[in-house]
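[1] What follows is a predicted protein model with its sequence.
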Amino acid sequence: MSRRSGTGWAADLALGARLVFAGGRNGLLRTLMTALGVGLGVALLLTSTSVSTMLGGRSERTAARDDQFFGVDQPPPGDRTLLVMAADTTYRDAAIRGRLLQPDGAHPPVPPGLTRLPGPGELVVSPALARLLDSADGALLRPRLAHPVVGTIADRGLSGPNEYAYYLGTDRLRPGGGTMRIDRFGTEPSGEALDPVLMLLVLIIFVVLLLPIAVFIAAAVRFGGEARDRRLAALRLVGADTVTTRRVAAGEALVGAVFGLLAGAVLFLLGRQLVERVTLEGISAFAEDVRPSPALTVLIVLAVPALAVAVAQLALRRIVVEPLGVVRRSADRRRRLWWRLTVPIVGVALLAPLRGGIDQTGGPVNQAQVITGVVLLLVGVAALLPWLVEAVVGRLRGGSVSWQLAIRRLQLDSESSARMVSGVAVAVAGGIALQMLFAGVQHDYVRATGQDVSRAQTMVLVRGDLAGADAGSLAERFRSVPGVDRAVSVLDATVSPVGSVPDEYGERPGTLLRIADCTAVRELASPDRCVDGDMFQIVDDQSPARADLPAPGQQVELGFRDPETTRWTVPSGLRTVPTRTDPSGSRVTGLLATPGALGPATLHGLGATVYLTMDLARPDTIELVRNVAAGIGPGADVQTLRATEEVTRFAQLRRGLYVGVVATLLLLGASLLVGILEQLRERRRSLAVLVAFGTRRGTLGASVLWQTALPVLLGLALAILLGTALGGILLALVGQAVRLDWSSIGAMSGIAAGVVLLVTGASLPVLWRLLRPTGLRTE
Amino acid sequence: MSTEEQPLLAAVALHKAYGATPALDGASLAIRAGEVVAVMGPSGSGKSTLLHCLAGIVRPDAGAVRYRDRELSAMPDAERSALRRGEFGFVFQFGQLVPELTCLENVALPLRLAGVRRREAERRAAEWLARLEVTDVAGQRPGGVSGGQGQRVAVARALVTAPRVIFADEPTGALDSLNGEQVMRLLTGAAREAGAAVVLVTHEPRVAAYADREIVVRDGRTRETVLADR
Amino acid sequence: MSIGQTFLGLLEASPRHGYELKRVYDERFGQGRPLHYGQVYSTLARLLKSGLVSVDGVEPGAGPERKRYAITEAGVTDVRRWLAQPEKPDAYLQNTLYAKVVLGLLTGRDAADILDVQRAEHLRLMRTLTRRKADGDLADQLICDFALFHLEADLRWLELTAARLDQLATTLASTTPAPQAGPAAAQAGPAAPQGGPPAAQAGTAARRGGSTGREVSA
């Protein structure tokens, strides 16, 4: 072929491209299937490369509206300053970001997304919140935000399209106690980096999801391979040589890949529009934010056609296209084990030195080493599977007719089955490894709160701004909410030495003085007896803080802020009682007085805690409680008590992983289905003869099931083995003890098995159709 | 041969069309137990469709197929399948051996489908392979044996269940003369010995000459010529 | 091949003069060897004597060439019997079979039946040979096979002919004088060309027919 010029290349490629379209309806259908398959994969790839830009846009916007500058000196009041108080609330399970704004002067800063500050009593809401307030679903939220809505927050002031947020103008804020004075909105994007362990998880999630997609794309470009082989044989008959057929095959593959890229772009753009409708864990994204990073996009555009051509050439290596047909080379070549074993072993070798080297506080991870190691271990699944299937199937004997047909088929050609299944196995192995890692590090991210949900399920915290006169009826107001069984309220004041100086937040050092009736006293301490008028020193014997308790007879000041403090003398003869862990899990050392001992009505600047026992089966109750709390003041915060607490980033990752694995498995199921259908079509004559013989349909259906299930089972076994090994290594990397997580192994295998059953079920109608006697007709 | 005898298998006025193309247009015939009947006719005349209808593989659009005292065309699919497993045997022109199975397993297959245990099925299959002089290919897959050997394996498979009727559709179509002769000699010889009737679809007169009589199908209709005895 | 039965078949299609019979016979079955007039009239005389034909009419001017012959009932029966009777499956019987098929078509009979009967006869012989082969030694087998292959060749020709009957019928219809056209042509002479088939056309048909056959053995 040395005499051929460069145009020969182009002509051969073009011929391949033309053959795709010349194949008639079937050829076009196969090309469409390839395009759709590759397109799905490309769309997923584009989406995953968009994640960083999406998160980037989100964090830029949230940084630009930041108004909680902790650890920074607050500016003095002036023309350009603003008092702001966070008034976040929760409705149903959705978080609502809320801010109270009160300008100090005529030129206060305006948060992004707003054109002006709302006046006192005026509300500016996000579009999603506006819709919620207008809908019937928002009925219980409306009393909480019963203010006229004068505007909408523009997109640049929101983290995502479905975020619930509001700004409420007010004139009742005073500095201190959670209220801040600011002269601008926004900080530099902090680039709050994921800690190394989370980074490892994210990296591995990407590898685990993208690797099967690569396998899938490789399978998708081989759709219709049989027909292509026959076409190439026909070309050989009219005089094409081997080199030409290779180029023609490359041309065909390129067409499929290019169409796949186009389909992927279209699917991606369509899917992007749907993004705004989705809210996951309270996070939503703007469609415009879902932008693939340019460098990765170029990589995809180059890599997918290259992969397609490479796969086509590899496929040709296994067959000999002769003028009169296609000869397969697979049968006589025994698979060698050594290089297949080398792949995962090298992977382990790369990962092993990092053992214990990754922790939450540690330095940066060697990402390339981790990724290469993980990829090699997972690719090891795909490399070992053909050998395993061949080795196992070769030893199987006997059984029922359907079983015999299936294993004999696998013995004849185990490669195509193993190839189809390898993607599933890789996905499952990765999924198992990740779940193990999750389960292993879970206790770092899920901590016990010490809250006792048997004593109270909800706690209302009111920051220190209550006048004692209002505080008395606090428990009453919650008790009247339907569904609340019990409400116990405790008032908190601070006892400070006379003349002590407020700190930078306007609070003075002191001891906690809690005011509670005898019912409430028993939630906080364990006195042997209690009558109104009693007063106690409560001491947490697990804490060394008792030294700070003011001595009896000492003159102290009660209250937060200077103008509202009251002089008070610590009475003598206080009984000292041990503290009791309150329902929120706190243990307090301080003074505890019954109302009769102190007369709280004269006090100001009180904080309060109300413990509520309520019927959790009534979802409206918590909303009504929140409404009552909102009526007390902007500083009232309703907290649901939980025995454990999970870092939310972690929950999102885990949910994302499950969604990703299921989506990947469905995708692989689609390619599995196409493979089975092709194989069935190829065998239609043989099937028709079996039917002529009187073979039951059930026998043939079972044979197809065995034939799919056997490689899948072997693939799952291998996936469990290598996935567990990878999970163990990953756990070792982060210094955790290796534990088997049977539930996730079960779940992953179950999902995979479900996909296989689904695929077999979906292939049966085609099988039945092929079994119709028309298959016996010879043209 | 007595004409009073009840036919084993009879077709009356069969009609069958594939789409708009009529394949059978009023075909009728009767086959007596143990006789070898050649169905001849040009390609596309409907011979194979007639065979498929007679064997209960295809349900005719109109007309009746009667096997012994049962109406084949009225049976549900499962029953016809059971009949094909138990009472009929098949030999086709090509592509009939299951490529995944060894020759021995192929021959044992109908027995196993009928519920015979594997060991027993393969023992009987081996006997038939011996009778058809192809014992040496028992362990090979069909892809590795010659056309004549493959066809003899197929004949063994058709005979292994001791069927009452063997349907052979161009059994020598892919063979040269010598192999074709051998296959026909073995097929008809074994069938006559076992008392099985043979429905032999062929367009080759030399193959049809192995039959007791011939039926000609032309344009979907049967023509049977009975010569006056001379 | 029997000239007499061929004449009878042609006369069944329509009554004809002797010279007309000779001309049609030569065109269709003559294979380039025309009949002698003597042969024609001796055959006709024999048929007359057997009562298979009769003289239908005499043109003015007398002489044997002026007589017009027609088939009798007995003649029709004889033709029917002849056509229905398979030929002995010897070699070289294509001309006879061809003549039978053409006459069958000309007389409106089902020519396919003629072929089917012949096939049945051939197969009967082939079956006998096949059975003899099964019982005989290798020499017997080889001899039988020789005969079988020849018979098979005949049968292949029969199949092909059967497949082409429609085509043949069309050709005959366009090249053969209509039943009443013969006398009309004779009466009108060369001045009335509408019924008289051009010799060239008829010659073509004869060559076509002849090309499938071999030597005439009759």
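    Arrived safely.

[2] closest point of chain C to chain A, which residue?
    For chain C, the residue closest to chain A is C:Ala163, as judged by C-beta to the nearest C-beta, at 19.1 Å. No exception for glycine: its C-beta is placed from N, CA and C like everyone else's.

[3] Can you tell me how far that residue is from B:Val216?
    12 Å (C-beta to C-beta, to the nearest Å).

[4] Also A:Thr664?
    In this view, A:Thr664 and B:Val216 are 62 Å apart by C-beta to C-beta.

[5] Tell me which of these two has more neighbours.
    A:Thr664 (28 against 24; other C-beta atoms under 10 Å in any protein chain shown).

[6] was I right about the more buried one contacting A:Pro212?
    Yes. Here A:Thr664 reaches A:Pro212: they are 4.8 Å apart, a contact under C-beta atoms under 8 Å.

[7] Break down chain C into its strands, ranges please.
    Assigned by DSSP state E, the strands in chain C fall at C:16-17, C:53-58, C:67-71.

[8] count of neighbours near the residue of chain B found nearest chain C?
    Closest residue of chain B to chain C, C-beta to the nearest C-beta: B:Ala209 (3.7 Å). Using other C-beta under 10 Å, B:Ala209 has 26 other residues around it.

[9] again with A:Thr242
    Neighbours of A:Thr242 using other C-beta under 10 Å come to 14.

[10] Say whether chain C is contacted by stretch B:14-29.
    No. Stretch B:14-29 lies out of reach of chain C by C-beta under 8 Å from any C-beta of the partner chain, never closer than 14.7 Å.

[11] How is the chain divided into domains?
    No chain specified, so I'll use chain A. Annotated domains of chain A cover A:8-66+A:198-329, A:74-182, A:357-447+A:646-779, A:458-642 [automatic domain parsing].

[12] Chain C, not that one
    With domains defined by automatic domain parsing, chain C comprises C:1-85+C:176-206, C:88-174.

[13] Tell me which of those lies nearest to B:Asp169.
    The minimum distance between B:Asp169 and these falls on domain C:88-174, with 18.5 Å, by C-beta to C-beta.

[14] What distance separates the opening and closing residues of the closest one?
    32 Å (C-alpha to C-alpha, to the nearest Å).

[15] quick one: that domain to chain centroid distance?
    Taking C-alpha atoms, centre = their mean, to the nearest Å, one finds the center of domain C:88-174 at 15 Å from the center of the full chain.

[16] and it with chain B, contact?
    Yes. Using C-beta under 8 Å from any C-beta, domain C:88-174 reaches chain B at C:112-113, C:116-117, C:119-124, C:126-127, C:129-130, C:134, C:148-149, C:151-152, C:155-156, C:159, C:162-163.

[17] Out of those residues, list just those in helices.
    Counted as lying in helices by DSSP state H, out of the residues of domain C:88-174 next to chain B, are C:112-113, C:116-117, C:119-124, C:126-127, C:129-130, C:134, C:148-149, C:151-152, C:155-156, C:159, C:162-163.

[18] What's the first helix or strand after the lengthiest helix in chain A?
    The longest helix of chain A (DSSP H) is helix A:24-64. Later in the chain than helix A:24-64, the nearest helix or strand by DSSP states H and E is strand A:82-86.

[19] Pull up the pairing partners for that following strand, direction included.
    Neighbouring strands of strand A:82-86 in its sheet, by DSSP bridges, are strand A:94-103 (antiparallel), strand A:179-182 (antiparallel).

[20] in the first one, what counts as buried?
    Meaning strand A:94-103. Within strand A:94-103, the residues scored as buried using 16 or more other C-beta atoms under 10 Å in any protein chain shown are A:94, A:96-103.

[21] Quick check: B:Asp61 touching B:His15?
    Yes. In this structure, B:Asp61 is within contact of B:His15 by C-beta under 8 Å, at 4.9 Å.

[22] and the closest residue to A:Leu82 other than its chain neighbours, helix, strand or coil?
    In this structure, A:Leu82 finds its nearest non-sequential neighbour in A:Pro108, 4.1 Å apart by C-beta to C-beta, 6 or more residues apart in numbering or on different chains. The three-state assignment at A:Pro108 reads coil, by DSSP: H, G, I helix; E, B strand; the rest coil.

[23] Out of the ones in helices among the residues of domain C:88-174 next to chain B, which end up buried?
    C:112, C:116-117, C:119-124, C:126-127, C:129-130, C:148, C:151-152, C:155, C:159, C:162.

[24] what does chain B put close to chain C?
    Counting by C-beta under 8 Å from any C-beta, chain B sits next to chain C at B:38, B:42, B:185, B:189, B:203-206, B:208-212, B:214, B:216, B:218, B:223, B:225-227.

[25] In helices, which of those appear?
    B:185, B:189, B:205-206, B:208.

[26] quick one: which two of these are the most distant?
    Using C-beta to C-beta, the pair of these lying farthest apart is B:Gly189 and B:Pro205, separated by 19.5 Å.

[27] Tell me which of those two has more neighbours.
    B:Pro205 (24 against 14).

[28] I'd assumed C:Met126 was in contact with that one.
    Yes. Because the distance of 6.2 Å satisfies C-beta under 8 Å, B:Pro205 is recorded as touching C:Met126.

[29] What residues does the spatially most central residue of chain C make contact with?
    The residue lying closest to the centre of chain C (C-alpha atoms, centre = their mean) is C:Ala99, at 2.1 Å. The contact partners of C:Ala99, taken as C-beta atoms under 8 Å, 6 or more residues apart in numbering or on different chains, are C:1, C:6, C:9, C:28-29.

[30] Next: A:Val488.
    Residues near A:Val488 by C-beta under 8 Å, 6+ apart: A:456, A:475, A:516, A:519-520, A:523, A:610-611.

[31] Which single residue of chain A ends up nearest chain B?
    Residue nearest to chain B within chain A (C-beta to the nearest C-beta): A:Gly694, separated by 3.3 Å.

[32] in terms of contact, does that residue touch B:Phe90 like I think?
    No. Assessed by C-beta under 8 Å, A:Gly694 is found out of contact with B:Phe90, at 9.1 Å.

[33] In the chain, what helix or strand scores lowest on average pLDDT?
    No chain was given, so I picked chain A. One helix or strand of chain A scores below all others by mean pLDDT, DSSP states H and E: strand A:325-328, with a mean of 58.

[34] Just after that one, pick out the following helix or strand.
    helix A:338-351.

[35] For A:Leu254, grab the count of nearby residues.
    Neighbour count of A:Leu254, defined by other C-beta under 10 Å: 20.

[36] by contact count, what packs against the helix or strand hosting it?
    Secondary structure assignment for A:Leu254, by DSSP H and E: helix A:242-275. Counting contacts by 3 or more C-beta pairs under 8 Å, 6 or more residues apart in numbering or on different chains; DSSP states H and E, helix A:242-275 is packed against helix A:6-22, helix A:24-64, helix A:196-220, helix A:225-237, helix A:294-317.

[37] Which phi and psi values does the closest residue to A:Gly105 other than its chain neighbours adopt?
    Distances taken as C-beta to C-beta, 6+ apart put A:Asp79 closest to A:Gly105, at 3.5 Å, once the chain neighbours are dropped. Backbone torsions of A:Asp79, given as degrees, to the nearest 10, read phi -60, psi -30.

[38] and A:Asp79, what does it touch?
    A:104-107.

[39] so which of those is the most crowded?
    A:Asp104 leads those on contacts (other C-beta under 10 Å) with 19 neighbours.

[40] mind giving me TSV with the domains of chain C and columns for mean pLDDT?
    Formatted as TSV, the domains of chain C follow (pLDDT from 0 to 100):
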stretch	mean pLDDT
domain C:1-85+C:176-206	70
domain C:88-174	83
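
[41] separation between the residue lying farthest from the centre of chain C and B:Arg185?
    What lies farthest from the middle of chain C is C:Asp137; by C-alpha atoms, centre = their mean that is 40.5 Å. Between C:Asp137 and B:Arg185 the distance, using C-beta to C-beta, works out to 15 Å.

[42] Who does the host helix or strand of A:Val462 pair with, and is each partner parallel or antiparallel?
    If you go by DSSP H and E, A:Val462 is part of strand A:458-466. Paired strands of strand A:458-466, with direction, are strand A:606-614 (antiparallel), strand A:636-640 (antiparallel) (DSSP bridges).
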